[in-house]
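> Fold the following, please.
(8 chains, ligands or ions: 10)
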Amino acid sequence: MAELEVIPENPVEQFLRMERIPHIWCAGCGIGTSVNCFARALIESKVDLDKVAIVSGIGCTGRVAGYLKLDSFHTTHGRAIPFATGLKLANPKLKVIVYSGDGDLFAIGGNHFIHAARRNLDLVIICVNNLIYAMTGGQVAPTTPISALSSTTPYGCYEPPFNLPQLAEAAGATYVARWTTFHVRQLARSMKEALNKEGFSFIEIISPCPTLYQRRNRMGDGLDAMKFYKQRSKIRNGAPTSEVAFDINSDIIVGKFVDRTRPTLLGTMHHQLRERLGEKYACVEEVACH
Amino acid sequence: MAELEVIPENPVEQFLRMERIPHIWCAGCGIGTSVNCFARALIESKVDLDKVAIVSGIGCTGRVAGYLKLDSFHTTHGRAIPFATGLKLANPKLKVIVYSGDGDLFAIGGNHFIHAARRNLDLVIICVNNLIYAMTGGQVAPTTPISALSSTTPYGCYEPPFNLPQLAEAAGATYVARWTTFHVRQLARSMKEALNKEGFSFIEIISPCPTLYQRRNRMGDGLDAMKFYKQRSKIRNGAPTSEVAFDINSDIIVGKFVDRTRPTLLGTMHHQLRERLGEKYACVEEVACH
Amino acid sequence: MAKGSVSIIVERCKGCGFCVEFCPTKVLALSSAFNSKGYHPPYVVAPEKCSGCDLCGMYCPDFAIYGWKIPSNGKPGEDSEDEE
Amino acid sequence: MAKGSVSIIVERCKGCGFCVEFCPTKVLALSSAFNSKGYHPPYVVAPEKCSGCDLCGMYCPDFAIYGWKIPSNGKPGEDSEDEE
Amino acid sequence: MTADPKGVLTGIHFLDGDFACAEGCLAAGARFAAGYPITPSTEVVERFAQRIPLVGGTFIQMEDELAASIAIQGAVWAGAKAFTVTSGPGFSLMMEHIGYAAMTETPCVFVNVQRGGPSTGLPTLPAQADMMQARWGSHGDYEIIALSPSSPQECFDLTIRAFNLSEQYRTPVLLMMDECVGHMTEKVVIPPAEEIEIYPRRLTNKPPEAFQPYETDGDLVPEMVHAGMGYRFHITGLTHDERGYPAMSPVAQDKLIRRITAKIRNAAERISMREEEGIDGAEVVVVSYGITARVAQRSIELARRKGVRVGKLRLLTVWPFPDWRVREIAKQVKAFVVPELNMGQIAREVERASCGAARTVPVPHAGGTVHRPEQILEAILEAAK
Amino acid sequence: MTADPKGVLTGIHFLDGDFACAEGCLAAGARFAAGYPITPSTEVVERFAQRIPLVGGTFIQMEDELAASIAIQGAVWAGAKAFTVTSGPGFSLMMEHIGYAAMTETPCVFVNVQRGGPSTGLPTLPAQADMMQARWGSHGDYEIIALSPSSPQECFDLTIRAFNLSEQYRTPVLLMMDECVGHMTEKVVIPPAEEIEIYPRRLTNKPPEAFQPYETDGDLVPEMVHAGMGYRFHITGLTHDERGYPAMSPVAQDKLIRRITAKIRNAAERISMREEEGIDGAEVVVVSYGITARVAQRSIELARRKGVRVGKLRLLTVWPFPDWRVREIAKQVKAFVVPELNMGQIAREVERASCGAARTVPVPHAGGTVHRPEQILEAILEAAK
Amino acid sequence: MPLTEIRVAGFGGQGVILAAMIIGKAASIFENGYATLTQAFGPEARGSACSAQVILSDEPILYPYITQPDILIAMSQDAYNRFMPELKPGGTLLIEEDLVRIHDLPNGIRIHGVPATRLAEELGRRLVLNIVMVGFFAAVTKLLQPESLRKAVADSVPAGTEALNLRAFDKGFEYGLMELKSESAESQPVDKWIEGLPH
Amino acid sequence: MPLTEIRVAGFGGQGVILAAMIIGKAASIFENGYATLTQAFGPEARGSACSAQVILSDEPILYPYITQPDILIAMSQDAYNRFMPELKPGGTLLIEEDLVRIHDLPNGIRIHGVPATRLAEELGRRLVLNIVMVGFFAAVTKLLQPESLRKAVADSVPAGTEALNLRAFDKGFEYGLMELKSESAESQPVDKWIEGLPH
Ligand SMILES: Cc1ncc(C[n+]2csc(CCOP(=O)(O)OP(=O)(O)O)c2C)c(N)n1
Ligand SMILES: Cc1ncc(C[n+]2csc(CCOP(=O)(O)OP(=O)(O)O)c2C)c(N)n1
Ligand code: SF4
Ligand code: SF4
Ligand code: SF4
Ligand code: SF4
Ligand code: SF4
Ligand code: SF4
Ligand SMILES: [Mg+2]
Ligand SMILES: [Mg+2]
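Ligands and ions are numbered 1, 2, ... in the order given. Got it, this is the predicted structure:
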């Protein structure tokens, strides 16, 4: 074994507010794993880190913003996307990433998601889907599988979950991928692609919540979930999103489903205003404070 | 010409609060036309009129509830669907119809729409899509075509509109149709089908707003819009919803796009609870007030 | 002889012209006179052509017109289907 | 000789076992000892097998472990791609 | 009438305030709840979700608080008694619909288990800082009823009272708990159903032709009907006339707003519940509510040991505020001491109502925990000087 | 510093209050607005949408008021001055985010053009019934600044003032207009840019290593940085420490809440703007704001003609409420008369602040139109007795 | 000018508010006086009755509402019916003479009528009837300088339509001058309007 | 019983709250006294420190918080470190003896230790360590009737686990009785704990 003069730093640490580590996430929680992938993607995508802003809503995943040593915003429950919209529109030079939970983005925040996708604003939306509202103690989410137990569906969930990739595509997203926390390399690659793409990108990450989802549903610990993902996932890049509904009883379809081009909000806006106003249009790349 | 002893009543009148007629809608507005179709559908569907509840949000279309002589609720802006959800769940014997505008249902109300569709609750959603926020004076809506003028996009709209049928299908609707106010017979038939179907049904009605959409966009009056619809509509029943995006510059695809079966919320709920609780489950068909 | 007939409530009309335009048999025309709200209501120009299909009624946004079929016994009714 | 090496920050570990399970070359095992938080951290059982692929690092939810490649010149670096 | 035995868990229980509230809802006849999770209130609906399928009724977790707070109103108009539960951030989101309930006179109950704010604040820790929001949080003029329990037993009792008041006055009623009371476990005695008084929904006896949804007589509260009963009625959040139809005029506005405010203001003395002790002859009266009242109790005892004559005025009904009573007491005492888990909210009401006749000494506290009894004691001693 | 000439439409204009407000925003340096249409406020953003592409900046109509009220805060943290505009129902929906702005100390402006409420109420008609909501509408403890203009000119002037105060104190500022003022057209004089004082954003000079987002000195207001400046800072709506990191403890809560309330309370006298006239020697003082102040002016004149000594206290700053001044005046007069387009809101503050030294005579009005001057006159005459 | 209260009323689409706006602007901007324009309190008014109130004065205007207008400009029958009763005794009434039929008129009111819609149609744009009315107002009331009003017109109408609108103003103005002339020739002008108008 | 303040503390997952709940329930329901259980104010506590306070009394309890516990049940080192200083002089300390190492102990404190986790594991369910602790508490404090506590256990645990939990209770109870016996044989029980424990 080589004598190690310099032990390199864990590559994720440069992105962490180390004074806040250890974080609050439970043993075997997948959120930290997703953060590792994100760190790798930041490196690989070569984005200017001083121009990256992370916006989270509220929830276990919502705490991501607070751990990342980037300009980071922990907003209100469900409203990360409109906050991010303001950030991006006021300073189009920023690379704005929304990193939040399934409940935050798709229960209370669902409307903002579909509207931002429709507008095709340059945002990267990373959703850690643990199939539950974790932070508040394990209530049913719009992603909870039918018949799963939760604290507010003590006899089993009776609402079908969203097919998030299909919803994203129908609303207008230009990049849509799903991975589990088992798929660390693929996830990191998708994150990198999303960071380097113009338009609205959405990445769903199926992730273990041993404490509040799995325990109640007798699904073991984080590692059990990871093994389950490994065993039950099928990579189907380009699969029609209508065929990828998440169903805990059959294969988990993962992959990059959508990667298309549509005019972006900022592009269309500039085009439209320049066309109508010509020289008079005072296009701004970055709004200064007056 | 036969001597007319009995001149029959206009069939719509039995459903109207005649003391409130004339209504507030402008000359050539399509909302009234849609109400005629709805009246015919009520007759044809043979629903028990005492068990029909109409729920509207706020807007020109939102006024429909106030003109219909049925149990009718004029709620808050965007919240007709959750109000309807409460009505239906507390008294499953009611036939609950939400009748509202595109802004109400898809701007502020978009989240409730996708969630109700996901749950597949028995609701009929009728959306009069006049491509604008009319009641408030003609602001851009999430249905306004690119480059159209509105009071808040004075240089032309730069946000692409939703493809509503695709969104509805992706969220889980079991019946999805689009017609224009020109297609009165087909519209009435779709409304009847929706009234007689279990699950979440959605009908989009492209409708003229001469006062606030057309005038500003130099598109003539209500009749011009109707002629335009006649000329530019293509009926494509069963068309994939991804192909029916509304684009004012090309054909308007109309038809019944989706008609499928998924377990309904109430069905799944009863099933789930009965399975887990057996005899102990106190299933209620109608909640009495204690 | 006409198979149908049409009723017009002139004061409710807002002169949009839908009924005139979409009457399949061109029974109607817009009057040049105004009603008290200042709109030109329709009037019947070709009564004999009216089939009573009630398309005018379905189109009229102001509930100001409607058509009905004249049954053989002379009373209005719904004795025939008229789907397009 | 090992192509890579791995660092473990024992006190951060929560003993989830991800690193142990998903190390492609089975370099790691969970220790039977506890760290001060009461978790069993991993330790290196087969150092010579470590490729430095850093999959352990990517999996570890607690930022408690990471691997790196030992470059020919003996200093850690990123001289080779390792995409799967 | 008395409670439906199906919902009443008669017996002696060891329950926390959240659970006691859920039992109160069931006993009061609530058969519908819509909620959206938020700490520290979620346990109320968690218990309801567990119990209601056995009793007969529905719980639905909606997509957000906007939806939850209006879904319950749909359920009410379909015939159910209904409630929702939340905490600070969710309460803020419900404001529009509290106004809708006030305007449409929809009887329903909103439970707010208060936590530290503003914004996300301290999600798991107590506060009483939404008390003024309870009164003023929605736009426009309306009056509200808000109750504040100090123990799990009162969480049960006042929940029933909340439903009863909401039916009696056809108004939204707010149960303003706090994290401490919500998460405190004590003995809760649930009486037999036949001992629980229930105010029945004011359903009309009139036939549809004779019925007008917003016609009222002396007590200013209209009778109600439900969807599906054949009345074909209309409800709107617009200013409306007796028929329930939009009436866009200052005259209609005046009539409606004066009535919906007067129906509560006129009944304020009947609605007001207070616990008073040792007020006669007191130099200082401590005004408090919720958990703080129990902390203050300790301070009162300490002060009495030091020879100060201290009275206790505990507000079980916080809104309508008992102006008349405070004014009366003000004439007899030197000062009021008002400890609250906020920076001074109800203290302002005490100050206003006392009209300068007695001093008001607020004992503000930013929340996250309760006062130390000594803090309040100091204020009492200082006030007695 | 002074205004950026690009946004300043120097000259004499005939503008309504809504348009004047939009010009005020532009002059104050606002380069971002997010809105959601609602009568009678939409004209503000309609004009902004028309003007801003020519000035350099962005307007976006969001999907609802929740989105609009947080999008502006995103824009602020990206470096823009930003605002949103709404009316009653939308204002209720913005409550959570007013609290977020207070908690994160995000300078921004909320304009509420008040209409008749509660609920949908009278969408096109005036009221002033959101005044208490402005102070108390969000959960938890915070202080707020709210201004109330009486004319289009003041809509312009006070809008600039609102932005300046929001930058100076890093707090949301509410411009509480009413439908009358919003839809009233008068001469509006817009001075040259160099005559418009602008309070610049309190950007830090410190390097990233030395900077803490919520560290403050004497004036209790922290310095700011923007996303993209390289500071890698964190903002949260949770209770936080100087670093901006969540700090879930009563101690952190106490420190933070006391500071964010004190920074406004301590500066109340500096923030307060009032128009006072004829108060010395008055028997009665009329306290009013917004459109009602102009109606009251007529009543004051009528009363003076009848020989009553009436003073005028017009509140341009409604919150913080000038307790100290009212208390002072109360000692010299018989009574205050407080006409408002609501059922008595600011009247309660007058009552409270006057500590019984003078009577408070509210002149409530449910809205939909303004008072008849005679109504207020009667109250003055009655108060002078 | 002394405090003058004016009400302009008609139905939606007639440009009532714009007419009032131009009068107010002329006074306050181009004659350096003061003007307060308020819109009537009324329900949402798409297509229905519509009215605006302007107060002109040399001094700042405090109370912003009119109590008894000195001048009523009635552009529809409904407007006449509704607002005529409040006109100040001795006040001035301007009407769209093709749309308003006079009745129940108290004594001492000065009346001036103009077929504004017709004149506007002659210019090819019915929409400018409000500007015709403003021109007519300028001529018959002499309250404001025609030049101020012309400036206000040019400043208030959509870009590109200034010329047309100024022609409309002039047309109304000329009609007003003529009307004044012919009126001074008549002794009882009122009757002219009271008796059946063409409709 | 006279007013008795008890703190139960440990880490998340040990069932601290349930243990306190059972004690409170036994007192208030099955012995007809009064009990107030409050949870510690603390941040979201998933997996971290956790504590509950119970006050037992014969009379209604007004002030609901403990000030100086008479009894501290410490199930983790952290709990011991944090809460030991507040224990009343002369109070009673119960510890999970495999997890807590005693230090800085004031004089006059009665200490009782039980390897609750180990005993629970012997029953095949580590999770019931809290019930073992309750049994132990019953035996060594004699504050409440064992039968009341047994009823409270049966009434509080998930349906179907009653038997297991009662066994856990009994195991703790017996251990407690034995401990009491052996203790009465020893003169300086404290030393036993102060000296190095296996960890
Ligand atoms: C307005 C509002 N409502 C509710 C909450 C409570 N709340 C906090 S996090 C959360 C759900 C989080 O679920 P998810 O987004 O899936 O995140 P996870 O914790 O599962 O990562 C809820 C409901 C809140 N903070 N604000
Ligand atoms: C919370 C809230 N926000 C805004 C409004 C104002 N508002 C009333 S109707 C409407 C839009 C209506 O548009 P749409 O639903 O398309 O109906 P239309 O008038 O076009 O039929 C808006 C924004 C409101 N009443 N409440
Ligand atoms: S509760 Fe679930 S999602 Fe939250 S930190 Fe724990 S494991 Fe992760
Ligand atoms: S404004 Fe448009 S939608 Fe509204 S009534 Fe008129 S035409 Fe219809
Ligand atoms: S009933 Fe049919 S045929 Fe007769 S007028 Fe109407 S549309 Fe024409
Ligand atoms: S459709 Fe109706 S409103 Fe239109 S012209 Fe015919 S009768 Fe008149
Ligand atoms: S770096 Fe790779 S090979 Fe080495 S321990 Fe980690 S996962 Fe195993
Ligand atoms: S992945 Fe990390 S936390 Fe999990 S066992 Fe390995 S080092 Fe420990
Ligand atoms: Mg989740
Ligand atoms: Mg619309």
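
> what's the span of stretch E:193-207, first residue to last?
One end of stretch E:193-207 sits 32 Å from the other (CA to CA, to the nearest Å).

> just stretch E:331-348 next, same as before
Termini of stretch E:331-348 sit 17 Å apart (CA to CA).

> near chain H at all, it?
No. Figure legend: stretch E:331-348 not in contact with chain H (CB under 8 Å from any CB of the partner chain); closest approach 11.5 Å. C-betas here are computed from N, CA, C, even on glycine.

> Now do the SS call for the residue in chain C that chain A sits nearest to.
With CB to the nearest CB, the shortest gap between chain C and chain A falls at residue C:61, namely 29.9 Å. Applying DSSP: H, G, I helix; E, B strand; the rest coil to residue C:61 yields a three-state assignment of coil.

> From residue B:187, how far off is it?
With distances taken as CB to CB, to the nearest Å, residue C:61 is found 13 Å from residue B:187.

> Residue numbers of chain C in contact with ligand 5?
Within chain C, the positions adjacent to ligand 5 are C:4, C:6, C:23-25, C:27-28, C:50-56, C:67 by CB under 6 Å from any ligand atom.

> Now with 5 Å, please.
Within chain C, the positions near ligand 5 by CB under 5 Å from any ligand atom are C:6, C:23, C:25, C:27, C:50-56, C:67.

> what about the nearest residue to residue A:204 once chain neighbours are set aside, which SS state?
Nearest residue to residue A:204 in three dimensions, chain neighbours excluded: residue A:178, at 4.3 Å (CB to CB, 6 or more residues apart in numbering or on different chains). Secondary structure assignment for residue A:178 (three-state DSSP): strand.

> In the sheet, which residues pair with residue A:178? Tell me.
Counting by DSSP bridges, residue A:178 is bridged to residue A:204, residue A:255.

> For it, give me its contacts.
Contact analysis of residue A:178 by CB atoms under 8 Å, 6 or more residues apart in numbering or on different chains lists A:164-165, A:203-206, A:244, A:246, A:253-255, A:257.

> Show the pLDDT at it.
Note on residue A:178: pLDDT of 98.

> Please report how far it lies from ligand 8.
As judged by CB to the nearest ligand atom, to the nearest Å, residue A:178 and ligand 8 stand 23 Å apart.

> okay, which residue is most central for chain A?
By CA atoms, centre = their mean, chain A has its centre lying nearest to residue A:126, at 0.9 Å.

> Would you confirm that that one belongs to a helix?
No. Residue A:126 is assigned strand when assessed by three-state DSSP, not a helix.

> List the residues that contact it.
Per CB under 8 Å, 6+ apart, neighbours of residue A:126: A:34, A:38, A:97-100, A:191, A:203, A:205.

> Just name the closest of these to ligand 10, please.
Of all the contacts of residue A:126, ligand 10 sits closest to residue A:98, with 28.9 Å by CB to the ion.

> Just the buried residues of the longest helix along chain G, please?
Using DSSP state H, we find that the single longest helix of chain G is helix G:162-185. Residues of helix G:162-185 classed as buried by neighbour count (16 or more other CB atoms under 10 Å in any protein chain shown): G:164-173, G:175-177, G:179.

> Find the centremost residue of chain G, please.
Chain G, centroid-nearest residue using CA atoms, centre = their mean: residue G:73 at 3.9 Å.

> how deep is the residue of the stretch 51-200 of chain E found nearest chain D tucked in, by neighbour count?
Of all residues in the stretch 51-200 of chain E, the one sitting closest to chain D is residue E:124 (21.4 Å; CB to the nearest CB). Residues lying near residue E:124 (other CB atoms under 10 Å in any protein chain shown) number 18.

> surely residue E:38 meets residue E:84?
No. Look at residue E:38 against residue E:84 with CB atoms under 8 Å: they stay out of range, at 10.8 Å.

> between these two, what contacts are shared?
residue E:65.

> quick one, which of those two is more surrounded?
Here residue E:38 and residue E:84 are compared on neighbour count by other CB under 10 Å; more neighbours surround residue E:84, at 30 against 27.

> For that one, give the beta-bridge partners.
With DSSP bridges as the criterion, residue E:84 is bridged to residue E:110.

> who touches it in this structure?
Residue E:84 makes contact with E:33-36, E:65, E:68-69, E:71-72, E:94, E:108-111, according to CB under 8 Å, 6+ apart.

> For the helix or strand harbouring residue E:155, enumerate the helices and strands it packs against.
Using DSSP states H and E, residue E:155 sits within helix E:152-169. If you count contacts as 3 or more CB pairs under 8 Å, 6 or more residues apart in numbering or on different chains; DSSP states H and E, helix E:152-169 packs onto strand E:11-16, helix E:17-28, strand E:81-86, strand E:108-116, strand E:145-147, strand E:172-178, helix E:179-182, strand E:185-190.

> before we move on, the earlier item: the residue of the stretch 51-200 of chain E closest to chain D and residue F:248 touch, don't they?
Yes. Counting by CB under 8 Å, residue F:248 is a contact partner of residue E:124 at 7.3 Å.

> Can you tell me how far the residue of the stretch 51-200 of chain E closest to chain D is from residue A:135?
As for residue E:124, its distance to residue A:135 is 11 Å (criterion: CB to CB).

> Which stretches in the stretch 151-290 of chain A count as strands?
All strands of the stretch 151-290 of chain A, identified by DSSP state E, counting those that start in this stretch, fall at A:175-180, A:200-206, A:233-235, A:252-259.

> Output those strands in TSV; the columns should cover distance to ligand 7.
As requested, the strands of the stretch 151-290 of chain A are exported to TSV (distance: least, CB to the nearest ligand atom, whole Å):
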stretch	distance to ligand 7
strand A:175-180	18
strand A:200-206	20
strand A:233-235	19
strand A:252-259	21
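
> helix or strand for residue E:327, which one?
Assigned by DSSP H and E, residue E:327 falls within helix E:323-330.
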